[in-house]
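Visitor: Quick check, what structure comes out for this input:
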Amino acid sequence: MGLFRPSRAQKDQFAREIQSREAEASSIGQAIQQDELSPINIDLRLDDGEIAYGQFDARYREEVEKTSTHTSGAVKTKGAFGRAVLGGAVFGAAGAVVGAVSAPQQMSTRTYQGATEYEDEEVDRGTLIFTNKRFIFVGSKISSISQDEILRVDFRKGTRLSDMRDPDRYIDMIILFEDMPRGAYFILDRGKAAMLTYKGLMQIIQR
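Guide: You can find the predicted model right below:
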């Protein structure tokens, strides 16, 4: 099978989408220079005095704990020793022991807990809203973090999503706060606009 080749109409659509994202980022950049970042309307009830300045499609990711376990079994019959393997692995280290007897055989099993590992996984998808009081994530449920609780916000080039046609499309946003989940971050669409919106938001908050 040959490689997928976009049609002329699709190429034109891609180009329009890129131009739209670039125009949005340019408009936000100009607004920041003039100290006039504009509020936006959102379909969510906000607190008194709370104003939204941006909303972006977001994928929320964390480092999820993964613990591997293995079980081995040993069978003894009339003095002979046989080794049974359960779960695809046999280990010699000590572990939790569970014994079961059925004459004239004796079956004992050992379950071993492997080293704990963490994997970067997508936990939820939704919308991340920037307001002057907090960041609100609307996914399978609504959660938020107050601006007063945030220690630092970092941005980095998208590490999990990329668009060869538009390298600036995706950005990782890490919101640091006490007791944050391990490895938590957001992947935001319209990354350049998101970074500029955050910059303008900080100017408003620090007035």
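
Visitor: which SS state does R16 fall under?
Guide: helix (DSSP: H, G, I helix; E, B strand; the rest coil).

Visitor: and the gap between it and T127?
Guide: 22 Å (Cβ to Cβ, to the nearest Å). C-beta here means a position set from N, CA and C on the backbone, and glycine is covered the same way.

Visitor: between those two, which one's more packed in?
Guide: A count of neighbours by other Cβ atoms under 10 Å puts T127 above the other of R16 and T127, at 18 against 10.

Visitor: so the more buried one is in which element?
Guide: Assessed by DSSP states H and E, T127 sits inside strand 105-131.

Visitor: Same question for I28.
Guide: According to DSSP H and E, I28 maps onto helix 8-33.

Visitor: Tell me the buried residues in that helix?
Guide: 21, 25, 28, 31-32 (16 or more other Cβ atoms under 10 Å).

Visitor: try stretch 148-165
Guide: If you call a residue buried by 16+ other Cβ under 10 Å, then stretch 148-165 has these buried ones: 153, 155, 158, 163.

Visitor: is it true that the third one touches G191?
Guide: This points to G158. Yes - the pair G158 / G191 is scored as a contact, 6.7 Å apart, by Cβ atoms under 8 Å.

Visitor: Which residues are in contact with each of those two?
Guide: 169-171 (Cβ atoms under 8 Å, 6 or more residues apart in numbering).

Visitor: and which of the buried residues of helix 8-33 is nearest to I187?
Guide: The closest of the buried residues of helix 8-33 to I187 turns out to be R21 (Cβ to Cβ; 15.2 Å).

Visitor: Done for today, thanks.
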